[in-house]
Each structure stands twice: as structure tokens, then as C-alpha cells.
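here is a sequence with its predicted model. Questions after.
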Amino acid sequence: MNFDMRPDAVMQELMGYSQKLAHGVRNLSEVGEISSGVSPKTPVYSEDKLTLYRFDPPKDKIPGRTPLLIVYALVNRPYMTDIQENRSTVKGLMDAGQDVYLIDWGYPDRADRYLTLDDYINGYIDRCVDVMCQRHKVDKINILGICQGGTMSLCYAALHPDKVKNLVTMVTPVDFQTPDNMLSHWVQQVDIDMLVDTLGNVPGEMLNWTFLNLKPYQLMGQKYLGLLDTLDDPDALKNFLRMEKWIFDSPDQAGETFRQFIKDFYQGNKLLKGGLEIGAPVSLKNVTMPVLNIYAEQDHLVPPDASRALRGQVGSRDYTELSFPGGHIGIYVSGKAQKTVPPAIGKWLDERA
């Protein structure tokens, strides 16, 4: 390798670097407010911390008769599905003719410490489904469950199969003990009872740093070094800050729900092995509606095998898998995902309309 160490070359590089930093500081000062979702939406129901939104349908499209409910994870904010104009799963679904609703779980506080999975699944989700059925005069709706929200949606569909017409799961863990699941390995030895009894609600900040430490160099070092190359590009900088806002916007977790989710799913693997009870016994064989299971091939949080474990477990004969060549976040926001995933969901749902 030829290193040019001439003083004039060094000075030129330093000047260029200084100019880029100066542009970056100016761009940072002018970046303005970072949005939390971009698509217009209307609140149609609220209860406690929860808000059910309906995204305003495009004026040039008539949405399908059966509405689609997005159930997102409790551990992150759902605007990842609508992070920016050209990186929006929600917009892609609406462009594919879907009438899209979304549950925003809000920010639990100490009053929510004793909420259970039964409260979330047989309470909040079920009442949101009822609201949608009443609004659209239908008996069943479509559900898109994402990550932990996909696991909750599977449980809901198993407990209330008469209310779910089609079920889509995206990067959803089913087998919580696959050999390549680093998060599962970590949590197996944690005394969850002591953790919840001591803390009450589990701080979102603590969980966030746990997730970041699964890939510490890439998620806490490399990306900030790469930021230097985008500081002088206002659009790229704003996109970076949108992602940073989402990453560190981590709600606390209701203590009893967290206790049950870790003990029954991660430590007991009961969704796959049996013995899970959420108000009533949960059996995947009761998931009798059509199922589309989407997983990411480079997912470090929900390894592909954790999602593919759903195959053969549900009671439906109409089961489809879709693999995406990317990671856990890329499946929502990458350009490749926008071109393939929402259109595939829309097509699959239309074929079963």
C-alpha cells in the first residue's frame, strides 16, 4: 500500500475534514424536529395508555373491505413501521390497497406494573379488534404482528380464531431457544422474579442497552464513525437521527407482563412445547386461519429458525413463508424491503379476500 505522507497532502485532507465537520455542525443546528412517523393518521379508540390509530387512506385508492391491524412489540415504539416517507411499511401496505390500523401501546408507568399478558391480549387487543369490526361491519379482521407483537398475535389468533380472517407474522419468534439465539442464552440464567420484584416495571433503557450489546461494535461504534461521512448531507443526517430517536425511545415494560413473557416464552419455550396459559390454554393448533410468516435471513434478534419453527405447528392448511435477505430492522426500512415485503403482504391478503 502506498501512503502519501507529503505535508501538502496531509494539510489538504485535514482541511477537507474540517470543512465537512463545519457543514455538519451547521446541518445539525438546522435539522429541526425529528418526526415520529410520517403518514397522516386518526385516533379512533383509546384506553389507558393505548391509542388505536387508523391511517388515512390515500385519496386515489379504495381500501379493501377487511381492515388490517398492526400489532407491534411492547419493547419499542411502533413508528418504525412508518419511519420516513420513502421507508414506510405502512405506506407500502396502503399503496397495496390495505386499510391499515395500528396499536400504539404508549408508555407504561407505575400504575401499569400489574398488567399481565392476559390484559394485553384478551383485553386491549381484543377490544381494538371489536372496535374495528364495528367500524367496518365485519366479523373478522386481518392482523399483522411484528416481532414480540407477532408472538402476541399468534396467541390472540389461537384464543380468538373466530375474529381473525388472515394472520401475518413478521420477524416473529416461535421457538425461543434456538442455538443461535444469543438473547435467549443470556436470559436463561436471569432471576426474573428477583428482577421484577426489585424494580417493578423494567426500565426501557436497560432493555435497550441489552439489545445494543448483542452487536456492540456495529450498533455502538461503527455507525457513529460512519456518521462522519454523512454529516454534510442534510437528508442523510436527518434519516440517521430518525433511527437514533427510535432506538433510544424505549418504553418501560409492565413488570408482570415482562415476568410472564420471559419465564413462559424464553425460559419455558411454552408457545412451542405447550403448557402456555393466557387467560386460557394457548395452542397453536387453534390458529386455523391462513398464515403468512415472514422472516429476515440476517436477523440477530429473531434468528430465522426461531420464526421458521411455526411451520407445521399451526392448525391451518394455508401456511406460507416469505424470507427477506436482510436484518431485523432492514425488513421495515430498507429500499429492497419496501419494494418487496408490503406488496407481497397485500397480494397475499387480496388472494384470500
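The structure has been received and is ready for your questions. Numbers count the residues shown, from 1 in each chain.

got a pLDDT number for residue 155?
Among the per-residue scores, residue 155 holds a pLDDT of 98.

on the three-state scheme, it is what?
helix (DSSP: H, G, I helix; E, B strand; the rest coil).

contacts only, for it.
For residue 155, the contacting residues are 117, 121, 271, 276, 278, 282, by CB atoms under 8 Å, 6 or more residues apart in numbering. All C-beta atoms are positioned from the backbone trio N, CA, C, and that covers glycine.

surely the last one is in contact with residue 272?
This points to residue 282. No: the criterion here is CB atoms under 8 Å, and residue 282 misses it with residue 272 at 11.0 Å.

so those two - more neighbours on which side?
residue 282 (23 against 18; other CB atoms under 10 Å).

now do the more buried one against residue 118, distance only.
Counting by CB to CB, to the nearest Å, the separation of residue 282 from residue 118 is 11 Å.

just residue 93 next, same as before
29 Å.

ditto for residue 345
With CB to CB as the criterion, residue 345 and residue 118 are 29 Å apart.

same question, residue 37
Separation of residue 37 from residue 118 (CB to CB): 29 Å.

ditto for residue 55
28 Å.

so residue 293 sits in a strand?
Yes: counting by three-state DSSP, one finds residue 293 located in a strand.

pretty sure it contacts residue 321?
Yes: Residue 293 is in contact with residue 321 according to CB under 8 Å; the separation is 5.1 Å.

quick one: which of the two has more around it?
A count of neighbours by other CB under 10 Å puts residue 293 above the other of residue 293 and residue 321, at 24 against 14.

which residues does that one bridge with?
Listed by DSSP bridges, the beta-bridge partners for residue 293 are residue 169, residue 321.

neighbour count winner among residue 345 and residue 118?
More crowded of residue 345 and residue 118, by other CB under 10 Å: residue 345, with 24 against 17.

and that one, which of the three is it?
helix.

do you know how far the residue nearest to it when sequence neighbours are not counted is from residue 160?
Spatially, and ignoring its direct neighbours in sequence, residue 345 is nearest to residue 168 (5.7 Å; CB to CB, 6 or more residues apart in numbering). From residue 168 across to residue 160, the span is 16 Å (CB to CB).

who's more crowded, these two?
Higher neighbour count among residue 168 and residue 160: residue 168, with 26 against 16, using other CB under 10 Å.

low pLDDT regions in the stretch 251-353 of the chain?
The model of the stretch 251-353 of the chain has no residue with pLDDT under 70.

restricting to C-alpha, output stretch 295-313 in CSV.
C-alpha atoms of stretch 295-313 as CSV (Å, rounded to 0.1, in the frame of the first residue of the first chain):
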residue,chain,number,x,y,z
TYR,A,295,-38.6,-13.7,8.5
ALA,A,296,-35.3,-12.0,7.9
GLU,A,297,-32.3,-14.1,6.9
GLN,A,298,-29.7,-12.0,8.8
ASP,A,299,-31.8,-11.3,11.9
HIS,A,300,-29.7,-11.2,15.1
LEU,A,301,-32.7,-10.7,17.4
VAL,A,302,-35.1,-13.3,16.0
PRO,A,303,-33.0,-15.9,14.1
PRO,A,304,-34.6,-17.4,11.0
ASP,A,305,-35.0,-20.8,12.7
ALA,A,306,-36.9,-19.1,15.6
SER,A,307,-39.5,-17.9,13.1
ARG,A,308,-39.5,-20.9,10.8
ALA,A,309,-40.4,-23.1,13.7
LEU,A,310,-44.0,-22.0,13.1
ARG,A,311,-44.2,-24.4,10.1
GLY,A,312,-46.2,-27.5,11.0
GLN,A,313,-47.3,-26.1,14.3
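
fine by me, we can end here.
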